[in-house]
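Engineer: Sequence below, structure please.
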Amino acid sequence: MKYLIVLALCIYSAHATVKCVQGDGSEAAKDCTDAKETLCSGPKFTEYTGLAAGVKYACGKCTVEEGCEQCTGAADKACNAVKEAGADFNCYSYTYNATSKAFDMSAKTSACKRLKDTGIVCNMPKKDATEKTYTLKSGCGNCTKADTSCESCAKDKCNTSSAIRVAVLIAPLLAVLVNLL
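Structural biologist: Sure, this is the predicted structure:
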């Protein structure tokens, strides 16, 4: 009797279709139409950048160059489930100025995308940074080992340059001095 149950399960699992999230990810996982399909695919989420654009959730494999990732499917649950995103946050970006040989902070912030369990992290160049010691231009995310002249902070819009921080602190003092004189 045990052998018949095991045999029945093997036959069922051999013909069971794989469940995958399909389309834009707004609907529940569905069985794939091709019973031979074993893989599911979906857009890749890159921390601090977001989901790859133009990639749909689907049954079947994909190419990594398209900005997608794939997984081995199962009959009871989709392996390409939609990842839960956290609230966006903002960081300032920096560009290297070859004339002044320093990094200039952008006037506007950039939106940083993250998953639900990922913390807020901004980065910025240190005072002595060069193009080779600070390569992270977006301002979003942690410093890498290659970026030796980089510092991180963990609040929304926290990566303002130290010159601006000093100016913000000194400006009220100057106003008081001007009024006293």
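
Engineer: Flag the shaky bits of this structure, pLDDT-wise.
Structural biologist: In the prediction, the chain carries residues with pLDDT under 70 at positions 1-16, 162-178, 181.

Engineer: Buried residues of stretch 37-51, list them for me.
Structural biologist: Buried positions in stretch 37-51, judged by neighbour count with 16 or more other Cβ atoms under 10 Å: 37, 39, 40, 41, 42, 43, 44, 45, 48, 50, 51. C-beta: built from backbone N, CA, C; applies to glycine.

Engineer: same question, stretch 83-91
Structural biologist: Across stretch 83-91, burial judged by 16+ other Cβ under 10 Å covers 89, 90, 91.

Engineer: Pretty sure the second one sits in a strand.
Structural biologist: Yes. Counting by DSSP: H, G, I helix; E, B strand; the rest coil, residue 90 is found in a strand.

Engineer: Need the residues that contact stretch 117-132.
Structural biologist: With Cβ atoms under 8 Å, 6 or more residues apart in numbering as the contact definition, stretch 117-132 has outside contacts at 47-48, 86, 89, 91-92, 94, 96, 101, 103, 105, 112, 114, 133-134, 136, 139-143, 147, 149-162.

Engineer: And the longest strand along the chain, what does it pack against?
Structural biologist: Secondary structure of the chain read by DSSP state E shows that its longest strand is strand 102-112. Packed against strand 102-112 by the contact rule (3 or more Cβ pairs under 8 Å, 6 or more residues apart in numbering; DSSP states H and E) you find strand 89-97, strand 122-125.

Engineer: Done for today, thanks.
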